[in-house]
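>>> Sequence plus the predicted model coming up.
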Amino acid sequence: MGNINRPREVRLSTTPSKDELSDLKLGDIVYLDGLMYTAREGVYIRALEEKANIPMDLPSQSATNFHCSPAARINPDGTFEMGAVTATASFRFAKWLPEWLEKSGAKLVIGKGGMRSKDYKEYFVPNGAIYLSTVGYGTGALLGRGIESVESVHWNEELGLAQAMWVIKCNKMGPFIVASDSEGNCLFERENKRISANLDKVYEGTVPATLKRFGETDDKSDELIG
Amino acid sequence: MISIDLIQHTAEILMDKAAIEIPEDYLDGLKSAAEVEDGDLSSFVLQAMLENYEVAKEDRRAMCGDTGTPRWYVKMGNETKIEGGPIALEAALRRATANATNGVPLRPNRVHPLWRTDHDNNVGIGAPEIEYGYEPGGEWIDLITVHKGGLFGTDYRMLFPSDGIQGIKRFYLDSLVSFGKRGLACQPAIIGIGLGGCKDTCMVLGKRAACLRTVGDRNTDPKIAELELELKELGNSIGMGAMGFVGKSMVIDTHIEVGYCHTGGMQMSVHAFCLSSRRAVARIYEDGQVEYRTNPNWFTDYQRRETVEWETSTDHEKSA
């Protein structure tokens, strides 16, 4: 363990400046302060396809969209109990994100697994947005500690607790890892490329299945997500 | 006769323990992995996870925000009687699941597949699953809850005898590499492999191999045990670690369970039990005594029996 390089740590507002964002490098560790909101397929469909009014003033209140469903409840007195929070896989939301970034002005998108560099270059970079990945995955309790308070929850009756839009006040919430940069480079693609170089050796001697399946690729470097 | 109130009360405690407390065997396995991990980012991730388990226990909050899909494995000794019978038992487990979802709180993950209806309590059609097993002799009930997470890391394939061990290795690697990219499988994981059975039982065997056996446990068939170790090493030689970053910790352990299959086939399933390997167990005795543990001890000699008859000798009863 002695020769491990610990990554750089950065503390950032959920409404970050352009300079702060362009300073971020792939693999940096980020902790956040300020308001963030959860939004995933339920919120995107309601806001973008059903054209419902977004119940927050975006991006002035928050420029940080968390792909998350929290482990949370609404108490009978209307207060909230939020225990653990972790992200859900973001690549499934690619169909809504270009429009969402434009409409919401989000500058930080937090989720699991990141997007393709193609996505970053096509609509993250033009909107000045950066992708932050959660860590683990599953540092739910650590992230839970970074919640100072739950400000409100929107659309819980229409969408259920898991898909609702939760507004969270963060105090040094993290860790998150910078997974895209201002040029649209992708941390996961960089790592995948390094790992793929070794795969032929790992697979040596194994044989493909006698019965093939439709749509199968044998390109082990293929990222499979789109 | 085992009290139904005691069953529900115990089940609620188990829901809480499963969500919050990482089982000791997985924790030890992850610590060993963290000691040898030399990828900068992978290493950072493992350290953060170790810290996360501590915080979860200190704060009594769920270790992961995705608290999985709660399910129950129930095992009984042959002489066990439950107050109100099996219907009351199932009602108690459904109530415990709903109450704990609100209480801990857990994420209300379970929705209707088409209408996306969410009862906000993890209970619905077929949810939670309740599966049963029996052991010869004894008057006790084991309640095992597993909250396996994730949409990724599980696959099934019909292989054939001609595919052989090299075909098994190929599908195993394919599953780890494809779901390990970007860490979608939330590795390092306990990998469960089902071999044989029919398609449905093959999936069940693999899932139980992942979720109902502890890290370090070996199959009682010495050749299968050897293959388990070989596959564990193979998984950790991919060069991929946590979150799909360069590293060497992909697999905490590999477990294989087999079932007799069609003579022409060699069904194979792969399951990944993630960084939040949520399982908790309690045995309730007829006299009201409750013992909590984290080892399901599901796969006894009786569960793996291959003969027509089972002789209830004292030897066999010991295994229960």
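Nice, I can see it.
>>> so for the strand ranked longest in chain A, what's the average pLDDT?
With secondary structure taken from DSSP state E, chain A has its longest strand at strand A:165-178. When pLDDT is averaged along strand A:165-178, the result is 97.
>>> Run the contact check for that strand versus chain B.
Yes. Against chain B, strand A:165-178 shows contacts by Cβ under 8 Å from any Cβ of the partner chain at A:175, A:177. C-beta: built from backbone N, CA, C; applies to glycine.
>>> Distance from that strand to the middle of the chain?
11 Å (Cα atoms, centre = their mean, to the nearest Å).
>>> And for stretch A:209-222?
29 Å.
>>> Quick check: buried residues in it?
For stretch A:209-222, a neighbour-count test (16 or more other Cβ atoms under 10 Å in any protein chain shown) marks A:209, A:220 as buried.
>>> Also stretch A:49-62?
A:54, A:56, A:58-59, A:62.
>>> Redo these as a markdown table? Include distance to chain B.
Shown next, in a markdown table, are the buried residues of stretch A:49-62 (distance: Cβ to the nearest Cβ, whole Å):
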| residue | distance to chain B |
| --- | --- |
| A:54 | 21 |
| A:56 | 21 |
| A:58 | 23 |
| A:59 | 24 |
| A:62 | 19 |
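>>> Closest one of these to residue B:306?
Distance to residue B:306, by Cβ to Cβ, is smallest for residue A:62 among the buried residues of stretch A:49-62, at 60.3 Å.
>>> my guess is the closest one contacts residue A:38, does it?
No. With contacts defined as Cβ atoms under 8 Å, residue A:62 does not count as touching residue A:38, sitting 10.7 Å away.
>>> For the stretch 101-250 of chain B, give the residue positioned nearest to chain A.
residue B:118 (3.3 Å; Cβ to the nearest Cβ).
>>> Run through the bridge partners of that residue.
With DSSP bridges as the criterion, residue B:118 is bridged to residue B:111.
>>> since we're on it, how many residues are nearby?
Using other Cβ atoms under 10 Å in any protein chain shown, residue B:118 has 21 neighbouring residues.
>>> For the chain, which segments count as helices?
Answering for chain A, as no chain was given. A:18-22, A:41-44, A:97-104, A:117-119, A:140-145, A:156-159, A:187-196, A:199-203 (DSSP state H).
>>> I was thinking of chain B, sorry if that wasn't clear
According to DSSP H, the helices that chain B contains are B:4-20, B:24-36, B:40-59, B:85-103, B:164-180, B:199-211, B:222-236, B:314-319.
>>> could I get the ones you listed as TSV with distance to residue A:187, mean neighbour count and mean pLDDT?
TSV is the format used below for these (distance: least, Cβ to Cβ, whole Å; neighbours: other Cβ atoms under 10 Å in any protein chain shown; pLDDT from 0 to 100):
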stretch	distance to residue A:187	mean neighbour count	mean pLDDT
helix B:4-20	30	21	98
helix B:24-36	21	17	98
helix B:40-59	8	21	96
helix B:85-103	34	19	97
helix B:164-180	15	21	97
helix B:199-211	28	22	98
helix B:222-236	22	16	98
helix B:314-319	49	12	50
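>>> Now tabulate those in a markdown table and tack on distance to residue A:148.
Formatted as a markdown table, the helices of chain B follow (distance: least, Cβ to Cβ, whole Å):
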| stretch | distance to residue A:148 |
| --- | --- |
| helix B:4-20 | 22 |
| helix B:24-36 | 29 |
| helix B:40-59 | 14 |
| helix B:85-103 | 23 |
| helix B:164-180 | 35 |
| helix B:199-211 | 36 |
| helix B:222-236 | 40 |
| helix B:314-319 | 52 |
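>>> In a markdown table, list those helices along with distance to chain A.
Output for the helices of chain B, formatted as a markdown table (distance: least, Cβ to the nearest Cβ, whole Å):
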| stretch | distance to chain A |
| --- | --- |
| helix B:4-20 | 8 |
| helix B:24-36 | 7 |
| helix B:40-59 | 4 |
| helix B:85-103 | 5 |
| helix B:164-180 | 4 |
| helix B:199-211 | 14 |
| helix B:222-236 | 7 |
| helix B:314-319 | 34 |
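>>> Can you tell me what sits against stretch B:26-40?
A:1, A:3-7, A:27, B:43, B:46-47, B:49-50, B:53, B:188, B:190, B:214-216, B:241, B:245-249, B:252-253, B:275, B:277 (Cβ atoms under 8 Å, 6 or more residues apart in numbering or on different chains).
>>> Among those, name the buried ones.
Taking 16+ other Cβ under 10 Å as the criterion, what is buried in the contacts of stretch B:26-40 is A:7, A:27, B:43, B:46-47, B:49, B:53, B:188, B:190, B:214-215, B:241, B:245-249, B:252-253, B:275, B:277.
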